[in-house]
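1. Have a look at this prediction, sequence included:
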Amino acid sequence: MDSYPAPENLHELRILEQIERDPEATQADLASRMGVAVGTVNWYVKRLVKKGHIKVTRLQRRRLRYLITPEGISEKTRLAMEYVQISMGMYRATRQQARDLLSRAREAGFQSVTVLGQGDLVDVCRLTCLEQSVQITSEDVDAELPVLRVSGSAVMLEMPDV
């Protein structure tokens, strides 16, 4: 599969998006919205300030306001485009991998599979099954049918012992 977005780029993008929505958000607010530690947000905010992508102004003694600079807006756009390109690459690669695995199952005489896993890539695999006219059985594993299993970013085909 293609490369994945660097976590730092994704964090920077998410921080820039959150600041754009709410310039007076605290670092604790940002951390809560992003599901990361306050220290992580603090590190990225300092990095974004150093790069000139955001400016910080003091509103009150302990209250700050973050402003995205024109360079920050440009960087947010670049990061968003990079994220979309990487996501689409993952989508295309997952679809192709699922098509190849479904082709193997069909060559072995199967017209149905069970799809297991969690996350967006499971949905991509389900859509690929529909596109390829391969029936999807219930979430219960049928020992006589192949299993298209998604684990993280990997898609595997487990053939039955028949």
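-> On my side now, so go ahead.
2. mind checking how far the residue of the chain most remote from its centre is from Asn42?
-> In the chain, counting by Cα atoms, centre = their mean, Arg61 sits farthest out from the average C-alpha position, at 37.6 Å. Arg61 is 18 Å from Asn42, where distance means Cβ to Cβ, to the nearest Å. To be clear about C-beta, it is placed using only N, CA and C from the backbone, and glycine gets the same treatment.
3. In contact with Arg58, which residues?
-> By Cβ atoms under 8 Å, 6 or more residues apart in numbering, the residues touching Arg58 are Leu64, Arg65.
4. pLDDT below threshold where in the protein?
-> Counting by pLDDT under 70, the chain has low-confidence residues at 1-8, 139-142, 162.
5. now do 90
-> Along the chain, segments meeting pLDDT under 90 span 1-10, 58-64, 86-87, 90, 118-120, 137-144, 152-153, 160-162.
6. Show me the domain layout of it.
-> The chain resolves into domains spanning 7-68, 94-158 when parsed by automatic domain parsing.
7. would you turn these into TSV with distance to Glu75?
-> Converted to TSV, those look like this (distance: least, Cβ to Cβ, whole Å):
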stretch	distance to Glu75
domain 7-68	5
domain 94-158	25
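8. nearest to Val84, of those?
-> domain 7-68 (10.7 Å; Cβ to Cβ).
9. thinking again about what came up before, what's the closest of the domains of the chain to Ser87?
-> Nearest to Ser87 among the domains of the chain is domain 94-158; the distance by Cβ to Cβ comes to 9.0 Å.
10. And that closest one, end to end?
-> Using Cα to Cα, to the nearest Å, the end-to-end distance of domain 94-158 comes to 16 Å.
11. cool, and stretch 28-43?
-> Termini of stretch 28-43 sit 13 Å apart (Cα to Cα).
12. give me the element the closest residue in space to Val134 that isn't next to it in sequence is part of.
-> Nearest residue to Val134, sequence neighbours excluded (Cβ to Cβ, 6 or more residues apart in numbering): Leu102, at 5.2 Å. Here Leu102, judged by DSSP states H and E, is contained in helix 70-107.
13. tell me which strands and helices that helix is in contact with?
-> With contacts taken as 3 or more Cβ pairs under 8 Å, 6 or more residues apart in numbering; DSSP states H and E, helix 70-107 sits against helix 7-21, helix 38-51, helix 120-131, strand 147-151, strand 154-158.
14. quick one: the closest residue to Ser138 other than its chain neighbours and Asp161, what's the gap?
-> Of all residues not flanking Ser138 in the chain, Thr114 sits nearest, at 7.5 Å (Cβ to Cβ, 6+ apart). For Thr114, the distance to Asp161 (Cβ to Cβ) stands at 15 Å.
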